[in-house]
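*Asks:* coords please:
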Amino acid sequence: MALGRLLLVVLMLSLVSLPALALESVAPGEQGVALTDFPIEYFIDGPQTKDYETVRLKSFDQTMSTTTLGTRAAVTWYRVSLHNSGTDDRLLFLHLPKAYHVRSIDIVEERSSRVVNRLSVNLNEADAHPAMYWGTLGYPFELQAGKTTVMYARSHAYSHQWFSLKVYDDENSRRALAGGHLDIALMVGMMLALVFYNGLLYFATSKKENIYYSLYLISGLVWIALSYGLVAKAFNAYGDAVFVLNLSLITMP
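*Replies:* Residues are numbered from 1 along each chain as shown. Below you'll find the model as predicted:
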């Protein structure tokens, strides 16, 4: 009987400790930092009114650093703990590559349960914001030696909660900002060429289906350019005015 009670206590303690085990820290150490796929936590703010002081005390669920939470998570808080196991302070950069498609982003940097810095970006006014780099939000921060920094990111999306969080050192940050979107640009360019081709066919044959196909292609390429950040990267445009282009979804099959 005593052994049975002991096993029951051990089992209960194990279940209680599961959430703590799931909260993994990321340790850059002494090497170059390029963290792109790791566990983070999230909390969905249904009423869309909770602030950082309230949210930090809530229970978070676990997901990966690149995730999608659907249409019922318009305002979501994300949290990640970063620990520097090295002996030198590190200057790192928090990247949010999906920042181009949201209404606003708020960053709160916490160390030893105290706020050390904040950043708030309204995407309607982000075309000249120093933290926005052609669709990606970049937030620099210092990760002190032997200490843990907790980063909170509040993402207020228009409809779908698509989120991605990456952490780089200076060199890898520059590489990440310089690359990307070439494949999307190539696809949009090919579709644009087909638009002109079908336009020429219409003038040559007067067949209406060529015009319909051109309009269909225009709708598709606008949606692709918007959804994958090409509009933001090419024109440094964000916010409500750009989101109106999502109306092209209505004409998609």
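*Asks:* buried stuff in the top helix by length along the chain?
*Replies:* Longest helix of the chain, by residue count under DSSP state H: helix 182-205. By neighbour count on 16 or more other CB atoms under 10 Å, the buried set for helix 182-205 is 184, 187-188, 191, 194-195, 198, 201-202. From N, CA and C alone the C-beta is placed, and that goes for glycine too.
*Asks:* what helix or strand is S81 on?
*Replies:* Assigned by DSSP states H and E, S81 belongs to strand 75-83.
*Asks:* what lines up beside that strand in the sheet?
*Replies:* Sheet pairing for strand 75-83, assigned by DSSP bridges, gives strand 25-26 (parallel), strand 39-44 (antiparallel), strand 148-157 (antiparallel).
*Asks:* quick one: contacts of the next helix or strand after that strand?
*Replies:* Beyond strand 75-83 on the C-terminal side, the first helix or strand identified by DSSP H and E is strand 90-96. Residues outside strand 90-96 that contact it (CB atoms under 8 Å, 6 or more residues apart in numbering): 28, 33, 82, 84, 105, 107, 136-143, 145, 151, 153, 155, 163-170, 173, 176-177.
*Asks:* strand 90-96 - what's its average pLDDT?
*Replies:* Averaged across strand 90-96, the pLDDT comes to 94.
*Asks:* Provide the strand pairings for that strand, with the direction of each partner.
*Replies:* strand 136-143 (antiparallel), strand 166-168 (antiparallel).
*Asks:* mind putting the ones you listed in TSV, distance to Y238, mean pLDDT and mean neighbour count included?
*Replies:* Shown next, in TSV, are the strands paired with strand 90-96 (distance: least, CB to CB, whole Å; pLDDT from 0 to 100; neighbours: other CB atoms under 10 Å):
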stretch	distance to Y238	mean pLDDT	mean neighbour count
strand 136-143	10	94	20
strand 166-168	19	94	23
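*Asks:* looking at those strands, which is nearest to L221?
*Replies:* Checking those against L221 by CB to CB gives strand 136-143 as the closest, at 21.9 Å.
*Asks:* can you pull out the low-pLDDT segments for the stretch 151-253 of the chain?
*Replies:* Scanning the stretch 151-253 of the chain for pLDDT under 70 picks out 180-184, 245-253.
*Asks:* thinking again about what came up before, need the strands paired with strand 75-83 in CSV (columns: distance to N122 and mean neighbour count).
*Replies:* Shown next, in CSV, are the strands paired with strand 75-83 (distance: least, CB to CB, whole Å; neighbours: other CB atoms under 10 Å):
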stretch, distance to N122, mean neighbour count
strand 25-26, 29, 18
strand 39-44, 21, 19
strand 148-157, 10, 21
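*Asks:* for the ones you listed, give me TSV that also has distance to Y213.
*Replies:* Shown next, in TSV, are the strands paired with strand 75-83 (distance: least, CB to CB, whole Å):
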stretch	distance to Y213
strand 25-26	48
strand 39-44	41
strand 148-157	32
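*Asks:* of all those strands, which one comes closest to I211?
*Replies:* Of the strands paired with strand 75-83, nearest to I211 by CB to CB is strand 148-157, at 34.8 Å.
*Asks:* following that closest one, which helix or strand comes up?
*Replies:* That would be, after strand 148-157 and using DSSP H and E, strand 162-164.
*Asks:* run through who's touching that next one.
*Replies:* 42, 65-69, 76, 78, 96-98, 101, 155.
*Asks:* at 10 Å what do you get?
*Replies:* 36-37, 40, 42, 63-70, 73, 76, 78, 95-99, 101-102, 136, 153, 155, 157, 227 (CB atoms under 10 Å, 6 or more residues apart in numbering).
*Asks:* so how far is stretch 98-116 off the chain centroid?
*Replies:* 11 Å (CA atoms, centre = their mean, to the nearest Å).
*Asks:* with stretch 116-129 instead?
*Replies:* Using CA atoms, centre = their mean, the offset of stretch 116-129 from its chain centre is 15 Å.
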